[in-house]
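>>> Sequence isn't available, so here's the structure alone:
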């Protein structure tokens with residue numbers, strides 16, 4: 001299998017899983033209130049809008065080092081979780097940085113306002129947690145989340161020029 005074929009396979013698997021996951025979450029939200037669909041749809045649209053699915057590919061590639069040839073449901077959950085974690089991080093980063101375009105379209109806060117965008121990012125994180133828990137890789141995942149939050153805080157502090165961080 002060539003690199004491009006492997007990347008395409010991982011992307012297809014992650015997107016197939018995410019599409020089914022979002023459909024399930026849409027049904028759950030609809031039972032609460034039809035108004036909740038906007039939040040689900042915004043996370044789904046943003047996540048599915050673009051991206052190379054590099055994180056999902058790297059997750060799959062790591063599994064290949066164990067001679068795992070098929071994509072297990074646990075591996076698919078981890079691949080999907082990483083994509084949702086990326087959506088969470090980008091949605092919040094766009095708010096912090098004031099970006100207006102992401103993945104070829106308006107940022108979530110440009111479309112829905114900052115309060116709903118924060119909730120959309122939080123929801124993406126909750127769903128990433130749910131999926132990662134289903135895959136059984138929570139300790140590594142929790143450490144990754146902590147490091148991303150610390151890194152983002154250093155970016156904010158540097159921009160506020162409170163400390164000199166390079």
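Received, thanks. None of the values given here were measured: they were computed from a predicted structure. Residues are numbered from 1 along each chain as shown.

>>> where are the low-confidence patches of this structure?
68, 136-137, 162-166 (pLDDT under 70).

>>> Could you point out the longest helix of it?
Ordering each helix of the chain by length in residues (DSSP state H) puts helix 3-32 first.

>>> what distance separates that helix from the middle of the whole chain?
Its chain's average C-alpha position is 11 Å from that of helix 3-32, according to CA atoms, centre = their mean, to the nearest Å.

>>> buried stuff in the following helix or strand past that helix?
Once helix 3-32 ends, the next helix or strand along the chain (criterion: DSSP states H and E) is helix 37-49. By neighbour count on 16 or more other CB atoms under 10 Å, the buried set for helix 37-49 is 37, 39, 40, 42, 43, 44, 46, 47. All C-beta atoms are positioned from the backbone trio N, CA, C, and that covers glycine.

>>> Now do the contacts for the nearest residue to the fourth one once chain neighbours are set aside.
By that I understand residue 42. Among residues not flanking residue 42 along the chain, residue 120 sits closest, at 4.9 Å (CB to CB, 6 or more residues apart in numbering). By CB atoms under 8 Å, 6 or more residues apart in numbering, the residues touching residue 120 are 39, 42, 43, 46, 91, 108, 112.

>>> Which of those residues sits closest to residue 124?
When the contacts of residue 120 are ranked by distance to residue 124 (CB to CB), residue 43 comes first, at 5.0 Å.

>>> Tell me how far that closest one lies from residue 130.
Per CB to CB, to the nearest Å, residue 43 is found 13 Å from residue 130.

>>> Tell me the one among the buried residues of helix 37-49 nearest to residue 5.
residue 47 (23.3 Å).

>>> tell me the phi and psi of the residue most central in space within the chain?
With distances taken as CA atoms, centre = their mean, residue 84 lies nearest the centre of the chain, 2.0 Å away. Dihedral pair for residue 84: phi -70, psi -40, per degrees, to the nearest 10.

>>> Over to residue 98?
Backbone torsions of residue 98, given as degrees, to the nearest 10, read phi 70, psi 20.

>>> How about residue 102?
phi -150, psi 140.

>>> who's in contact with it?
Neighbouring residues of residue 102 by CB under 8 Å, 6+ apart: 46, 90, 94, 108.
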